[in-house]
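A.B. asks: have a look; sequence and predicted model below, questions after that.
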Number of protein chains: 2
Amino acid sequence: MSDAAPLIREDAPATGPQTGAKFNGASLHGEVLGRLRDYIVEGHLSDGARVPERQLCEMFGVSRTPLREALKVLASEGVVDLLPNRGARVRTLNERDIHELFDLMAGLEALAGRLACESITDEEVAEIERLHHEMYSFYLRRDMPGYFEANQAIHRLIVAAARNNALAAAYDGYAGRIRRIRYGANLARKRDRWGEAMREHEAILDALRRRAGVELSDILFIHLRNKQVAALEQMTEPRPIQA
Amino acid sequence: MSDAAPLIREDAPATGPQTGAKFNGASLHGEVLGRLRDYIVEGHLSDGARVPERQLCEMFGVSRTPLREALKVLASEGVVDLLPNRGARVRTLNERDIHELFDLMAGLEALAGRLACESITDEEVAEIERLHHEMYSFYLRRDMPGYFEANQAIHRLIVAAARNNALAAAYDGYAGRIRRIRYGANLARKRDRWGEAMREHEAILDALRRRAGVELSDILFIHLRNKQVAALEQMTEPRPIQA
DNA sequence: GCAGTAAATATTGCATTCAAAATTTTCTGA
DNA sequence: TCAGAAAATTTTGAATGCAATATTTACTGC
């Protein structure tokens, strides 16, 4: 099992390098949390499978303590379920969960839009306008990845303009959980839905320019609801995400 | 060190009895999490004070492992901050934090109202009506605690009627964090604000009856914004909560 | 064969241990 | 007396140990 040396963990499998700046590397717990969340959200432990504690420890090159701490946090985030004396199980999102999360995100973005109108600067609006035009040209060129990126950037800017860290944190958290589904939804974007989305974005930009908070809020909600429909269609139709 | 008997831990200080049914007693971690969160949110560790790990362990009668697991979760909830190698610090809510949380709650309730209108049953509306009238009579009698209770119940029912567990979980989480401030806000409710709140509640009920989602959403948001103003006034005016 | 049970194994939850910080206390020399 | 350094102490972060519970495997009687 364990030979003597490896405590130093410089040889730990794939721990150091690829971690980038993304995870809180200050503590093992922080790093393991980030990596494990990604690992699970990315679907590597698909299905309601038992989370193999020991195995993950070896994989991350840490002891069970920080791993288990990370699991508690993931449980509180709803990423895994904790069964008494039976460990953690991956909580796979069923259609209803996705529906709920999309609605919640829609509500958060609607809120962000409303708040943003209260304090967004002309410069920020200009930046969003710029991104909007960029996105539009991606649309004309049928460049999905580019479009997706610009789209995300706009939504992020709106959330940032809301000047509410608690909201931003909540938004990021949920966005992380459904990012795979969102991406899938965009991949399968049908031509007509795409055009519709562009038109909605026109309305978003317009409301933002006028600082029409309530209106923007409503448009954003509907916009995300429509995206949800597309995502759910994509989810059920082709294949259940992981075959 | 360990003689045979004491593992049973029936003599653990103040662990068993007062735990009530509130916390997830299935695991020590779950119980400690609930109790520690309460302990902190109730203000027993006020100010940005260092969280005394050892002391809390004794107090809860557990080892550091479950306590530290709980701390990680509380950190992810924003209740404490984790300083590398320097432990956890109570994160005290400044005025801005409270403003942010109130706005976020307002957004969540606005969402709940909108969703509720999509699927609330006549029975549920009737129950809310009943509570509304109850609340009104508390208002007439100037019975603050009773009013507060009925008020909370109405808001909870609206969230429940949204049929969105993710939303409900988020709502409960944030509500827990600011419950002390909310209570304070209600205690200090000025006569005129109270009457205003009642009128807003009339409008809420009316919109709910008509299943006017967008309208209800807007009323709820404004209602909570007004409550926020009252809360912040109360917060800054009298004294900073803990002397 | 195979349902049902008992032994063997693995996993879990928590306590304990230990090295590396951080903090506090004690010393030192103006 | 007191600023600054050194030593002692405490606290932290993480690994390891251990009893209790689950799970798997091996066995028994049909």
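C.D. replies: Here it is on my side, so go on.
A.B. asks: all strands for chain A, in order.
C.D. replies: In chain A, the strands defined using DSSP state E lie at A:80-83, A:87-90.
A.B. asks: any idea which of the ones you listed gets closest to chain B?
C.D. replies: Chain B sits nearest to strand A:80-83 of all the strands of chain A, at 7.5 Å, using CB to the nearest CB. In this view, the C-beta of every residue, glycine as well, is placed from N, C-alpha and C.
A.B. asks: quick check: mean pLDDT of the closest one?
C.D. replies: Averaging pLDDT along strand A:80-83 gives 95.
A.B. asks: partner strands of it, with direction?
C.D. replies: Strand A:80-83 has the following sheet partners, assigned by DSSP bridges: strand A:87-90 (antiparallel).
A.B. asks: per the record, what domains does chain A have?
C.D. replies: Annotated domains of chain A cover A:5-90, A:95-236 [automatic domain parsing].
A.B. asks: up against DNA strand C, what does chain A have?
C.D. replies: Residues of chain A found near DNA strand C (CB under 7 Å from any atom of the strand) are A:50-54, A:64-65, A:68, A:82-88.
A.B. asks: least confident pick among these?
C.D. replies: Of all the residues of chain A next to DNA strand C, residue A:50 has the smallest pLDDT value, namely 87.
A.B. asks: check contacts around that one.
C.D. replies: A:86, A:87, A:88, A:89 (CB atoms under 8 Å, 6 or more residues apart in numbering or on different chains).
A.B. asks: now do 7 Å
C.D. replies: Residue A:50 makes contacts with A:87, A:89, as judged by CB atoms under 7 Å, 6 or more residues apart in numbering or on different chains.
A.B. asks: if we can go back for a sec, can you tell me which of the domains of chain A is packed in deepest?
C.D. replies: Greatest average neighbour count among the domains of chain A goes to domain A:95-236 (a mean of 18), per mean count of other CB atoms under 10 Å in any protein chain shown.
A.B. asks: now do the same end-to-end measure for that one.
C.D. replies: 8 Å (CA to CA, to the nearest Å).
A.B. asks: can you tell if that domain touches chain B?
C.D. replies: Yes. Applying CB under 7 Å from any CB of the partner chain, one finds domain A:95-236 touching chain B at A:100-101, A:103-104, A:107-108, A:111, A:115, A:164-167, A:170, A:214, A:218.
A.B. asks: distance from the chain centre to that domain, please.
C.D. replies: Centre-to-centre, domain A:95-236 and its host chain are 12 Å apart (CA atoms, centre = their mean, to the nearest Å).
A.B. asks: what mean pLDDT does it get?
C.D. replies: Mean predicted confidence for domain A:95-236 is 92.
A.B. asks: one step back: keep the residues of chain A next to DNA strand C, but drop any that are not near DNA strand D.
C.D. replies: A:64, A:65, A:84, A:85, A:86.
A.B. asks: any chance of the residues you listed in TSV with distance to residue B:37 as columns?
C.D. replies: Shown next, in TSV, are these (distance: CB to CB, whole Å):
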residue	distance to residue B:37
A:64	24
A:65	21
A:84	20
A:85	23
A:86	24
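A.B. asks: and which of these is nearest to residue B:202?
C.D. replies: residue A:84 (46.5 Å; CB to CB).
A.B. asks: from residue B:102, how far out is the closest residue to the closest one other than its chain neighbours?
C.D. replies: If the residues on either side of it in the chain are set aside, residue A:84 comes closest to residue B:26, at 4.2 Å by CB to CB, 6 or more residues apart in numbering or on different chains. The spacing between residue B:26 and residue B:102, counted by CB to CB, to the nearest Å, is 33 Å.
A.B. asks: where do the helices of chain A begin and end?
C.D. replies: With DSSP state H, the ranges of helices along chain A come out as A:28-41, A:53-60, A:64-77, A:95-119, A:122-140, A:144-161, A:165-177, A:179-187, A:191-209, A:213-236.
A.B. asks: show the pLDDT at residue A:25.
C.D. replies: 64.
A.B. asks: list the contacts for residue A:74?
C.D. replies: Applying CB under 7 Å, 6+ apart, we find residue A:74 in contact with A:36, A:37, A:40, A:80.
A.B. asks: wait, the third one touches residue A:79, no?
C.D. replies: Yes. Using CB atoms under 7 Å, residue A:40 is in contact with residue A:79, at 5.7 Å.
A.B. asks: put together TSV for the helices of chain A, with distance to residue B:181 on each row.
C.D. replies: Formatted as TSV, the helices of chain A follow (distance: least, CB to CB, whole Å):
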stretch	distance to residue B:181
helix A:28-41	29
helix A:53-60	39
helix A:64-77	22
helix A:95-119	20
helix A:122-140	30
helix A:144-161	24
helix A:165-177	14
helix A:179-187	33
helix A:191-209	32
helix A:213-236	25
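A.B. asks: excluding its backbone neighbours, what's nearest residue A:107?
C.D. replies: residue B:111 (3.0 Å).
A.B. asks: now do the contacts for residue A:37.
C.D. replies: For residue A:37, the contacting residues are A:74, A:79, by CB under 7 Å, 6+ apart.
A.B. asks: how about stretch A:63-72 as PDB, C-alpha atoms only?
C.D. replies: Only the C-alpha atoms of stretch A:63-72 are listed here, as PDB (Å, rounded to 0.1, in the frame of the first residue of the first chain):
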ATOM      1  CA  SER A  63      -5.200  12.100   3.300                       C
ATOM      2  CA  ARG A  64      -8.900  11.600   4.100                       C
ATOM      3  CA  THR A  65      -9.200  14.600   6.300                       C
ATOM      4  CA  PRO A  66      -9.100  17.400   3.700                       C
ATOM      5  CA  LEU A  67     -11.000  15.200   1.300                       C
ATOM      6  CA  ARG A  68     -13.800  14.600   3.800                       C
ATOM      7  CA  GLU A  69     -13.900  18.300   4.700                       C
ATOM      8  CA  ALA A  70     -14.400  19.000   1.000                       C
ATOM      9  CA  LEU A  71     -17.200  16.400   0.800                       C
ATOM     10  CA  LYS A  72     -19.100  18.200   3.600                       C
END
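A.B. asks: touching chain B at all, it?
C.D. replies: Yes. Using CB under 7 Å from any CB, stretch A:63-72 comes into contact with chain B via A:68, A:69, A:72.
A.B. asks: what's the closest of the residues of domain A:95-236 next to chain B to residue A:183?
C.D. replies: Ranked by distance to residue A:183 (CB to CB), the residues of domain A:95-236 next to chain B are led by residue A:101 at 14.3 Å.
A.B. asks: against residue A:141, how distant is residue A:120?
C.D. replies: Counting by CB to CB - residue A:120 and residue A:141 are separated by 29 Å.
A.B. asks: if I look at residue A:66, how far off is DNA strand D?
C.D. replies: Distance from residue A:66 to DNA strand D, counting by CB to the nearest atom of the strand, to the nearest Å: 5 Å.
A.B. asks: now residue A:162
C.D. replies: 31 Å.
A.B. asks: and the residue of chain A nearest DNA strand C?
C.D. replies: Going by CB to the nearest atom of the strand, DNA strand C is nearest to residue A:87 of chain A, at 2.7 Å.
A.B. asks: tell me what that residue is bridged to.
C.D. replies: Note on residue A:87: beta-bridge partners by DSSP bridges are residue A:83.
A.B. asks: got the contact list for it?
C.D. replies: By CB under 7 Å, 6+ apart, the neighbours of residue A:87 are A:50, A:51, A:53.
A.B. asks: closest to chain B among those?
C.D. replies: Comparing these against chain B with CB to the nearest CB places residue A:53 closest, at 13.8 Å.
A.B. asks: before I go, just wanted to say thanks for your time.
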